[in-house]
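Asker: Provided below for reference: sequence and predicted model.
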Amino acid sequence: MTPEFIARLDMRLAKGRGPFSGGEDGDMHGYMSFREPTDDFGLAHLVALVDCWPPAAGQMLTKVVPMSTMTWTMDFVAPVTGTGADRWWYEVTTDAAHDGYGHTAARVYTASGEPVVISRQTVAVFG
């Protein structure tokens, strides 16, 4: 059930739980980076890193059910100036999760703590 590209990434969960684990809330924090650093790190690489995390509200579920992204936005609040070897910090808060709907707001920071991305996602949960 894990997308193939995830094998190329290193994700370290610092807060939260895995999908379908019955968590009390939908908040999640952690580090992310590429397993094999690239010399040409840019915007597309950072988008891939932000996309690697599962929908945060999914950790509140107790069984595997289909989920689908309805909307996803990313606002870049600073230039992407990292390298392929950098670790990025990800924080997501679930604002709402009920009746087959979930909304999250996330922020991505550089290794030195500078904000780079604000991401918002709305998901539908079927089941």
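Answerer: Perfect, I can see it now.
Asker: the helices in this protein, which residues?
Answerer: Taking DSSP state H to define them, one finds helices in the chain at 43-51.
Asker: report pLDDT for the residue of the chain most remote from its centre.
Answerer: Computed with CA atoms, centre = their mean, the residue of the chain farthest from its C-alpha average is D39, at 23.0 Å. Each residue has a pLDDT score; the one for D39 is 84.
Asker: again with M1
Answerer: Checking the pLDDT column for M1, the value is 63.
Asker: now A56
Answerer: Confidence per residue is given as pLDDT, and for A56 that number is 93.
Asker: my guess is it meets H103, correct?
Answerer: No - using CB atoms under 8 Å, A56 is not in contact with H103; the gap is 9.9 Å. Heads up, the C-betas are built off the backbone N, CA and C, glycines and all.
Asker: the two - which one has more neighbours?
Answerer: Comparing A56 with H103 by other CB atoms under 10 Å, the one with more neighbours is A56, at 30 against 18.
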